[in-house]
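**Student:** sequence plus the predicted model coming up.
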Amino acid sequence: MEIEYKNASYKNKGSIYKVGNTIEYRGDIYLVCETPLVLGERNYFLVSLKTSKVSSSMFKTLEKLEENVGSASDRLVKAKLIVDCYVDQYESQENRTRRSNK
């Protein structure tokens, strides 16, 4: 996965902690996520786009997530995720391009 992002702060009204938003904190980018509805509950958490791992505990509300992991230096950023997966063969786009150019 490659991450391209513009390092500009976007004007935000209210909380930046909304599902699908990407937040920059100390140079790392996090995606705000939610679990599927299970037994009437959802949970909210962050995934690091640098490590592709869950980077926070699970919280019952977005407000609790922000209270526990949010920082005054958090910034909402525009991120473009490029997922390069070749299902039948574990080969990247770069390798396929190189092979076809020979």
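**Tutor:** Ah, there it is.
**Student:** mind listing the helices for this protein?
**Tutor:** Here the chain has its helices, by DSSP state H, at 62-69, 93-100.
**Student:** where among the ones you listed is the average confidence lowest?
**Tutor:** Mean pLDDT values for these show the minimum at helix 93-100, a mean of 59.
**Student:** what number of residues lie near Val32?
**Tutor:** 22 (other C-beta atoms under 10 Å). C-beta: built from backbone N, CA, C; applies to glycine.
**Student:** same check, this time on Val38
**Tutor:** 8.
**Student:** can you check the one 5 residues further on too?
**Tutor:** Using other C-beta under 10 Å, Asn43 is surrounded by 17 other residues.
**Student:** which ones are touching it?
**Tutor:** Glu34, Thr35, Met58, Phe59, Lys60 (C-beta atoms under 8 Å, 6 or more residues apart in numbering).
**Student:** could you redo the last one with a cut-off of 10 Å?
**Tutor:** Cys33, Glu34, Thr35, Pro36, Leu37, Ser57, Met58, Phe59, Lys60, Thr61, Lys64, Leu65 (C-beta atoms under 10 Å, 6 or more residues apart in numbering).
**Student:** so which bits of stretch 76-85 are buried?
**Tutor:** Neighbour-count burial for stretch 76-85 flags Leu76, Val77, Ala79 (criterion: 16 or more other C-beta atoms under 10 Å).
**Student:** ditto for stretch 41-57
**Tutor:** Buried residues in stretch 41-57 (16+ other C-beta under 10 Å): Asn43, Tyr44, Phe45, Leu46, Val47, Leu49, Ser55, Ser56.
**Student:** which among those residues gets closest to Lys18?
**Tutor:** Minimum distance to Lys18 across the buried residues of stretch 41-57 is 9.7 Å, recorded for Tyr44 (C-beta to C-beta).
**Student:** that closest one pairs with what?
**Tutor:** Note on Tyr44: beta-bridge partners by DSSP bridges are Glu34, Phe59.
**Student:** what pLDDT does it get?
**Tutor:** At Tyr44, pLDDT is 95.
**Student:** what sits against it?
**Tutor:** So Tyr44 contacts 17-19, 32-35, 56-66 (C-beta under 10 Å, 6+ apart).
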